[in-house]
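Novice: structure of the sequence below:
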Amino acid sequence: MDILGLFKHADTMLDAAKRLESAGYAFTVFSPVPLVHEIDHAFGERKSYIKYFTFFGGLSGFFTGTLLALGTAALYVLPRGGRPIFFITPTLIISYETTILFGVGITLLSFFLFAGLPSFKKDVPSPEAAIDSFGLLVDDIREDEFVKLEKILKESGADEVKRVEEE
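Specialist: Numbering: from 1, shown residues only. A predicted model of the protein is given here:
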């Protein structure tokens, strides 16, 4: 069972979210307008791990490109009038290109991973939460916790508290 609190103002909804977080509940915020900065200010910015994926993607791309260029030169030896078989310039060009390719590809995949795309979450449980109210949805609560959560949400300024049945 889920419980949804509807608020007319974003600041009262964020205060209620802080109280729910301090009580140990996980919640989802529904808003008719973007509240990214307000949520970051209230709960602190979340750490982004995408930069580490980019770094290791670029590093693996560099080594893959180097291995590709040197491996190709070793497998298909073409003597060129005394020049070295393993030449640095073409190796660096291929390594540079694969560094960019792998770095961008892994960054894109990690962005999708951390953004939760594609999203298979439930729809907005109440149309008011998408039009003119701010909503706090607390998922998977027991029946005996409903009264406690309803009290927390009402004391925090919720205009309406609804029980949301799962489909």
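
Novice: so where is this structure shaky, pLDDT-wise?
Specialist: 122, 166-167 (pLDDT under 70).

Novice: go again with 80.
Specialist: Residue ranges of the chain with pLDDT under 80: 119-125, 130, 165-167.

Novice: how is it divided into domains?
Specialist: For the chain, the structural domains run 2-47+123-164, 50-115, going by automatic domain parsing.

Novice: return the most buried member of the ones you listed.
Specialist: Scoring these by mean neighbour count under mean count of other Cβ atoms under 10 Å gives domain 2-47+123-164 as the most buried, with a mean of 16. Every C-beta, even on glycine, is put in place using the N, C-alpha and C of the backbone.

Novice: list the helices and strands the top helix by length along the chain packs on?
Specialist: Of all the elements of type helix in the chain, the one with the most residues (DSSP state H) is helix 88-115. Counting contacts by 3 or more Cβ pairs under 8 Å, 6 or more residues apart in numbering; DSSP states H and E, helix 88-115 is packed against helix 50-75.

Novice: which strands or helices does the helix it packs on pack on?
Specialist: helix 88-115.

Novice: quick one: the helix or strand following the helix it packs on to chain centroid distance?
Specialist: Sequence order places helix 128-131 as the next helix or strand after helix 88-115, per DSSP states H and E. Computed by Cα atoms, centre = their mean, to the nearest Å, the separation of helix 128-131 from the middle of its chain amounts to 23 Å.

Novice: with stretch 29-43 instead?
Specialist: Chain-centre distance of stretch 29-43: 15 Å, with Cα atoms, centre = their mean.
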